[in-house]
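J.: Here is a sequence with its predicted model. Questions after.
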Amino acid sequence: MNELGSILIAGTGPTAVQMSVLLGRLRGTVGLVGRSTRRSQQFFQDLSDADGFLTATVQNAAHQALAGQQRIEHRFIDFETVSGEWKTLVLTVPANAYLPVLRRMPAAVLERIERVVLLSPTLGSGALVHEYLNSRALPVEVISLSSYLGDSRWPEAKPGITVLTTGVKARIYSGSTLHNSQSLQYLRTLFESVGTDLQLVDLPLDAEARNISLYVHPALFMNDVSLNAVFNPSGPQQFVYKLYPEGPITPTLIHCMVDYWRELTNLVRALGGSGINLLEFMLADGYRIRPESIAAELVSSFESLAPIHQEYLVYVRYASLLIDPYSAPDAAGRYFDFSAIPIRPIFVDESGHWDIPRMPKEDYYRTKIIQGFAQKLSVDCPTIDKLVGNYESVLQRSAGQLGAQPKTSAFEPQEFSEDLSIALTKAGVKA
């Protein structure tokens with residue numbers, strides 16, 4: 001049996017490369033499609049020069065199961081050019097690109113797809129995709145994963161056909177629009193083979209509510225330090241997960257993050273889902289820290305602790321991940337610098353327009369969708385509103401500073417009203 005059948009992966013980033021290698025272990029053809037850009041054209045040229053082989057490497061020997069190669073025989077530059085019969089579509093693109101990708105796929109291709117897998121969705125992404133396909137009379141199963149299974153990046157930050165996976169999550173979640181989905185069982189077995197426990201939940205929304213990025217990225221990127229590094233990159237390099245002054249993490253930021261968690265929990269419950277223990281989620285489902293750093297009894301009782309105690313423990317969690325605590329130290333006793341994820345500044349794209357990096361552009365989309373849900377459901381979210389307001393204020397100021405220079409629409413405050421309306425319709429909320 002061909003488990004998931006022929007698999008088409010949309011995207012050409014590090015996640016797409018690693019997933020191509022992993023999904024290639026299933027029986028069936030694996031194809032790759034990306035939008036036509038200078039970088040993707042070079043990517044596909046490099047792939048052709050390598051006889052179609054993608055390569056995944058790992059930082060930690062314990063993750064060796066993710067390493068390997070996969071030959072990609074079917075390669076498509078731009079979504080309109082896809083041809084053939086594909087049973088599974090895996091979207092490794094940002095959540096705000098889901099509808100643009102589906103709209104650009106040929107109708108004859110979409111009509112044959114049996115399932116769509118969302119690798120890094122936001123809250124409501126499964127409802128958005130399912131409702132869009134249903135409105136076109138396409139009875140497609142939609143599977144949402146809570147997040148990508150690890151942390152994959154380009155070696156030495158240079159895009160190419162080789163990827164380095166530096167971390168693997170012990171557990172992620174997945175839900176399907178199809179009850180008792182056999183596809184999810186296949187994915188669960190595959191993920192377990194590389195050390196990630198894929199927990200099955202009832203609905204895509206239940207999985208999407210367990211995406212750790214939803215809870216931490218807004219605070220990490222919509223603060224003064226990070227926004228200054230993105231929009232006014234004149235100072236030294238800043239890093240997302242480092243403590244101030246190397247990065248944005250301060251007790252004030254952690255206070256904001258914990259408040260955001262409480263508000264998002266209230267919203268998820270209003271949508272019919274269940275909340276999470278933030279600290280337990282970080283430690284059990286995210287990147288592990290040494291048990292010596294935080295006692296197990298504090299983790300289990302986190303939700304009942306005083307707010308200041310909760311914030312202290314979350315701060316300790318981030319401090320404990322400045323290095324990979326499970327990596328092997330070098331001869332000088334230095335561990336892998338796990339937290340050295342640079343905050344990337346605005347840049348001029350291939351068409352000569354100023355643009356904003358995926359982080360925080362994708363996080364803005366996610367947070368605006370969450371804010372839209374909260375407003376429609378009358379869930380009070382002052383922290384979410386404040387973070388969105390901070391970001392949009394900086395957007396407008398940056399756009400003014402750039403003056404008449406060409407800019408993408410990312411520099412304009414947006415409502416994403418169409419995506420929100422479609423997702424609300426599927427969720428049974430009047431838009």
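T.: Received the coordinates, thanks. Numbers count the residues shown, from 1 in each chain.
J.: Can you pull out the residues in contact with the helix or strand encompassing residue 126?
T.: Using DSSP states H and E, residue 126 maps to helix 125-134. Residues outside helix 125-134 that contact it (Cβ atoms under 8 Å, 6 or more residues apart in numbering): 95, 98-99, 102, 110, 116, 118, 139-140, 142-144, 175, 177, 203-205, 207-208, 419, 422-427. For glycine as for every other residue, the C-beta is placed from the backbone atoms N, C-alpha and C.
J.: Got a ChimeraX select line for the buried ones in the residues you listed?
T.: To isolate the buried members of the contacts of helix 125-134 in ChimeraX, using 16 or more other Cβ atoms under 10 Å:
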select :95,98,99,102,110,116,118,140,142,143,144,175,177,203,204,205,207,208,419,422,423,424,425,426,427
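J.: In strands only, show me the contacts of helix 125-134.
T.: Using DSSP state E, the subset of the contacts of helix 125-134 located in strands is 116, 118, 142-144, 175.
J.: So which of those is the closest to residue 260?
T.: Of all the ones in strands among the contacts of helix 125-134, residue 144 has the smallest distance to residue 260: 21.1 Å, by Cβ to Cβ.
J.: Give me the nearest residue to the closest one, chain neighbours excluded.
T.: In this structure, residue 144 finds its nearest non-sequential neighbour in residue 204, 3.6 Å apart by Cβ to Cβ, 6 or more residues apart in numbering.
J.: Same question for residue 385.
T.: The shortest distance from residue 385 to any non-neighbouring residue, by Cβ to Cβ, 6+ apart, is to residue 371 (6.7 Å).
J.: just the helices in the stretch 301-431 of the chain please.
T.: With helices called from DSSP state H, counting those that start in this stretch, the stretch 301-431 of the chain shows them at 307-320, 358-376, 382-402, 417-427.
J.: Ranking those by mean neighbour count, which comes first?
T.: Neighbour counts (mean count of other Cβ atoms under 10 Å) averaged over each of the helices of the stretch 301-431 of the chain peak at helix 358-376, with a mean of 21.
J.: chain center to that one, what's the gap?
T.: Relative to the mean C-alpha coordinate of its chain, helix 358-376 is positioned 13 Å out (Cα atoms, centre = their mean, to the nearest Å).
J.: Return the per-residue confidence for residue 427.
T.: Note on residue 427: pLDDT of 63.
J.: what's the spacing between the residue lying closest to residue 410 once chain neighbours are set aside and residue 388?
T.: Once flanking residues are discounted, residue 410 sits nearest to residue 356: 4.4 Å by Cβ to Cβ, 6+ apart. Separation of residue 356 from residue 388 (Cβ to Cβ, to the nearest Å): 15 Å.
J.: do the same with residue 322
T.: Plainly put, residue 322 is 29 Å away from residue 388 if you go by Cβ to Cβ.
J.: got the ones in strands among the contacts of helix 125-134 as a markdown table, with distance to residue 46 and pLDDT columns?
T.: Listed next are the ones in strands among the contacts of helix 125-134 as a markdown table, based on distance: Cβ to Cβ, whole Å; pLDDT from 0 to 100:
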| residue | distance to residue 46 | pLDDT |
| --- | --- | --- |
| 116 | 28 | 98 |
| 118 | 27 | 98 |
| 142 | 32 | 98 |
| 143 | 30 | 98 |
| 144 | 31 | 97 |
| 175 | 36 | 95 |
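J.: can you redo the residues you listed as a markdown table with distance to residue 223?
T.: Converted to a markdown table, the ones in strands among the contacts of helix 125-134 look like this (distance: Cβ to Cβ, whole Å):
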| residue | distance to residue 223 |
| --- | --- |
| 116 | 34 |
| 118 | 28 |
| 142 | 34 |
| 143 | 33 |
| 144 | 28 |
| 175 | 31 |
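J.: correct me, but the residue nearest to residue 385 touches residue 384?
T.: Yes - between residue 371 and residue 384 there is a contact at 5.4 Å, judged by Cβ atoms under 8 Å.
J.: quick one on the thing from earlier: the residue nearest to residue 410: neighbouring residues, count only.
T.: Look at residue 356: counted by other Cβ atoms under 10 Å, it has 22 neighbours.
J.: so what's the backbone phi/psi at it?
T.: phi -110, psi 140 (degrees, to the nearest 10).
J.: mind listing what it touches?
T.: By Cβ under 8 Å, 6+ apart, residue 356 lies in contact with 230, 346, 408, 410-411.
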